[in-house]
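Participant: predicted model follows, preceded by the sequence.
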Amino acid sequence: MPLYDNHTIKIYNTLSGEKEVFEPITNGHIGMYVCGPTVYSNVHLGNVRTFMSFDMIFRYFKHLGYKIRYVRNITDAGHLENDDDVGEDKITKKARLEAIEPMEIVQRYTVDFHNVLNTFNFLPPSIEPTATGHIIEQIELIQNIIDNGFAYNVNGSVYFDVHKYNESNDYGILSKRKLEDLIHNTRALDGQSDKKNPQDFALWKKAEPTHIMRWPSPWSDGFPGWHLECTAMSTKYLGDYFDIHGGGMDLKFPHHECEIAQNQAAKGQDPVKYWMHANMLELNGARMSKSSGNYINPAELLSGDNDIMSKAYNPSVIRFFMMQASYKSVLDLTDDGLKAAEKGFNRLMDAIGLIDKLKPSAATSSFHVSDWKQKCYDAMNDDFNTPILIAVLFDAAKFINQIKDGSATLSQHDLELLKETIEAFTFDVLGLVDTAKENTGIDKLSGAVDILINLRKEARLNKDFALSDKIRDELIAAGIQLQDGKDGTTFTTN
RNA sequence: GGUGUCUUGGCCGAGUGGCUAGGCAAAGGUCUGCAAAACCUUGUACAGCGGUUCGAAUCCGCUAGACACCUCCA
């Protein structure tokens, strides 16, 4: 019997605004689509948080034994600059500034994106489709929407008729907006527009002669509107009705609202059963933006090469920091927060590292491991509550330290269960990496440090504390912390 | 201006009608040559005002503040 049969997961569905019991459309199988990055610059750290939230969700579903297809696209066709843009998209603009080919930009930043995600120990999605690889599908979709009367062609550009759509559907169902409010709040834009109404959005834009990225279509040589690719790729790979669609909170409107409208207009249904939105990442209490200077990119955060943080942080520390907050909450990235996370993370890793050295101490345990295990699942089943999970993991860390100190007992069976469970949740589900084990030279290092430990022991026996403290302090300076216990001295490398 | 979310102890951050979140920092203790690490103990917080209730941080209203979206943005 698969593990998922024993668990009921609740997911906060943005569409209903409530936590709902998760029931896959097809038993044992899950289809999940997440809007990926636009690869015209280095990946945004906030983007990393969003994808990390869904990576955790992906990992938990896999842990439960689901067969899950996770699709995350690469937007390589660029979005329109704005509705009145005459046809130059972001990627083209950047390419011109840097005097290289658009696809060269795409390649460079796609590689950067994958490198960053690998550094943070992301699992690769099942499929990572590109917008430019699905132009035909997008053209077909536009034709469907035109045939159904919800789009119109003006001078080679095709627009979605929001007002017509809203007569028979609810435009604003996801973002809880009313079309009337949108109308009142749309300021009049300068310049001539082909659109019937300002709320209408482009499905296909005719390319200007200078525009490099262009494809032939029944309406003009041009390129697809920016909401269309996700509609085309999600339903192509996951079907006309799939389980989960995720993305950043800022995509809720207009992007996801438009996706629903496009699907309704083309196929008569919203293909998504559960809409999930990950919240924003702030930096020192304010929104991150390059223009304000309140900005740090992932590489700078990892290398310490920046003016914002006091030091470099291990990717697992950053991951731990992010997992300590709910994916639904705004999270504020600060140096103090990362420092606190680093200490907590190291404490957890130290405890997990101790498990292999523990010996079963009694036939009965003073810690209810199976109850504790259930708490881990309860936390995750409650809309992927990783902060609670981490709190529960710390309960185990405390207990492990107590066994080491001899103030708690654990049976052989429970010891194995504890090890298996804490490692599954820490490494498989949360995706953290044990930095000590990661250090491949650990065995040789261990031999060398043992020599120093013995020298220090001799010095202490001879009351040569100047020498013993020198050994201890210089090892600390080298990143090696000695730990004196009842059964001798051990060390950690954090 | 509109829509939505939020305001929790020194800091971060869960919880959401009665039951210890957790981490970091802090204080006291155990251990130690002194430390560190670990363990034990301590802290009694929910923006303000009013209301509902036997009981509210949790529900409702108002006020103040923050953030997001409405315009490219994860």
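Facilitator: Alright, I've got the coordinates. Keep in mind the model is a prediction, meaning the values are calculated, not measured. Numbering: from 1, shown residues only, chains lettered A, B, ... in the order given.
Participant: contacts and neighbour counts: CA atoms only from here.
Facilitator: Noted.
Participant: residue of the stretch 101-250 of chain A nearest RNA strand B, please.
Facilitator: Closest residue of the stretch 101-250 of chain A to RNA strand B, C-alpha to the nearest atom of the strand: A:Gly248 (2.9 Å).
Participant: bridging residues for that residue?
Facilitator: Beta-bridge partners recorded for A:Gly248 (DSSP bridges): A:Ala278.
Participant: sec struct for A:Phe61, please.
Facilitator: Using DSSP: H, G, I helix; E, B strand; the rest coil, the structure places A:Phe61 in helix.
Participant: that one touches A:Ile68, doesn't it?
Facilitator: Yes: A:Phe61 lies in contact with A:Ile68 (C-alpha atoms under 8 Å); the separation is 7.2 Å.
Participant: so between those two, which is more surrounded?
Facilitator: Neighbours per residue (other C-alpha atoms under 10 Å) separate A:Phe61 from A:Ile68, with A:Phe61 holding more: 20 against 17.
Participant: give me every residue that touches that one.
Facilitator: The contact partners of A:Phe61, by C-alpha atoms under 8 Å, 6 or more residues apart in numbering, come to A:Ile68.
Participant: now it: how far from A:Met349?
Facilitator: 24 Å (C-alpha to C-alpha, to the nearest Å).
Participant: do a quick rundown of the helices in the stretch 201-350 of chain A.
Facilitator: Along the stretch 201-350 of chain A, counting by DSSP state H, counting those that start in this stretch, helices occupy A:228-238, A:257-267, A:298-303, A:315-323, A:335-354.
Participant: for the shortest one, give the mean pLDDT please.
Facilitator: Confidence over helix A:298-303, taken as the mean pLDDT, stands at 91.
Participant: following the lowest-mean-pLDDT helix or strand in chain A in sequence, what is the next regular element?
Facilitator: Sorting the helices and strands of chain A by mean pLDDT, DSSP states H and E puts helix A:435-438 at the bottom, at a mean of 63. Toward the C-terminus, helix A:435-438 is succeeded by helix A:442-461 as the next helix or strand (DSSP states H and E).
Participant: any idea of the angle the following helix or strand past that next one forms with helix A:442-461?
Facilitator: Of the helices and strands lying after helix A:442-461 in sequence (DSSP H and E), the nearest is helix A:465-477. With axes from the mean of the first three to the mean of the last three C-alpha atoms, to 10 degrees defining the directions, helix A:465-477 sits at 160 degrees from helix A:442-461.
Participant: report whether helix A:465-477 contacts RNA strand B.
Facilitator: Yes: judged by C-alpha under 7 Å from any atom of the strand, helix A:465-477 and RNA strand B are in contact via A:Phe465, A:Ala466, A:Ser468, A:Asp469, A:Arg472.
Participant: any chance of the residues you listed in CSV, with pLDDT and neighbour count too?
Facilitator: As requested, these are exported to CSV (pLDDT from 0 to 100; neighbours: other C-alpha atoms under 10 Å):
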residue, pLDDT, neighbour count
A:Phe465, 86, 14
A:Ala466, 86, 10
A:Ser468, 85, 21
A:Asp469, 85, 14
A:Arg472, 84, 18
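Participant: up against RNA strand B, what does the stretch 351-494 of chain A have?
Facilitator: Counting by C-alpha under 7 Å from any atom of the strand, the residues of the stretch 351-494 of chain A near RNA strand B are A:385, A:387-388, A:390-392, A:394-395, A:397-399, A:401-402, A:404-405, A:407, A:460, A:465-466, A:468-469, A:472, A:481-486.
Participant: got a quick PyMOL command for the buried subset of those residues?
Facilitator: To isolate the buried members of those in PyMOL, using 16 or more other C-alpha atoms under 10 Å:
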select buried, chain A and resi 385+387+388+390+392+394+397+399+401+404+468+472+481+482
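Participant: near RNA strand B, which residues of the stretch 101-250 of chain A?
Facilitator: A:Ser175, A:Lys176, A:Arg177, A:Asp181, A:Leu182, A:Asn185, A:Thr186, A:Gln199, A:Gly247, A:Gly248, A:Met249, A:Asp250.
Participant: and the residue lying closest to the third one once chain neighbours are set aside, how many neighbours does it have?
Facilitator: I take that to be A:Arg177. The shortest distance from A:Arg177 to any non-neighbouring residue, by C-alpha to C-alpha, 6 or more residues apart in numbering, is to A:Tyr171 (7.7 Å). By the criterion of other C-alpha under 10 Å, A:Tyr171 has 20 neighbours.
Participant: so A:Tyr171 is in contact with A:Phe160, correct?
Facilitator: No: using C-alpha under 8 Å as the test, A:Tyr171 is too far from A:Phe160 to be in contact (11.7 Å).
Participant: before we move on, the earlier item: out of the residues of the stretch 101-250 of chain A next to RNA strand B, which sit inside strands?
Facilitator: A:Gly247, A:Gly248 (DSSP state E).
Participant: just the buried subset of the residues of the stretch 101-250 of chain A next to RNA strand B, please.
Facilitator: A:Lys176, A:Gln199, A:Gly247, A:Gly248, A:Met249.
Participant: would you reformat these as a markdown table and include pLDDT and distance to A:Ile74?
Facilitator: Output for these, formatted as a markdown table (pLDDT from 0 to 100; distance: C-alpha to C-alpha, whole Å):
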| residue | pLDDT | distance to A:Ile74 |
| --- | --- | --- |
| A:Lys176 | 81 | 28 |
| A:Gln199 | 86 | 26 |
| A:Gly247 | 92 | 13 |
| A:Gly248 | 91 | 15 |
| A:Met249 | 90 | 18 |
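Participant: export the residues you listed as a markdown table, with columns for distance to A:Phe51.
Facilitator: Formatted as a markdown table, these follow (distance: C-alpha to C-alpha, whole Å):
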| residue | distance to A:Phe51 |
| --- | --- |
| A:Lys176 | 24 |
| A:Gln199 | 29 |
| A:Gly247 | 8 |
| A:Gly248 | 9 |
| A:Met249 | 12 |
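Participant: buried set for stretch A:27-44?
Facilitator: Buried, per 16+ other C-alpha under 10 Å, within stretch A:27-44: A:28, A:30-44.
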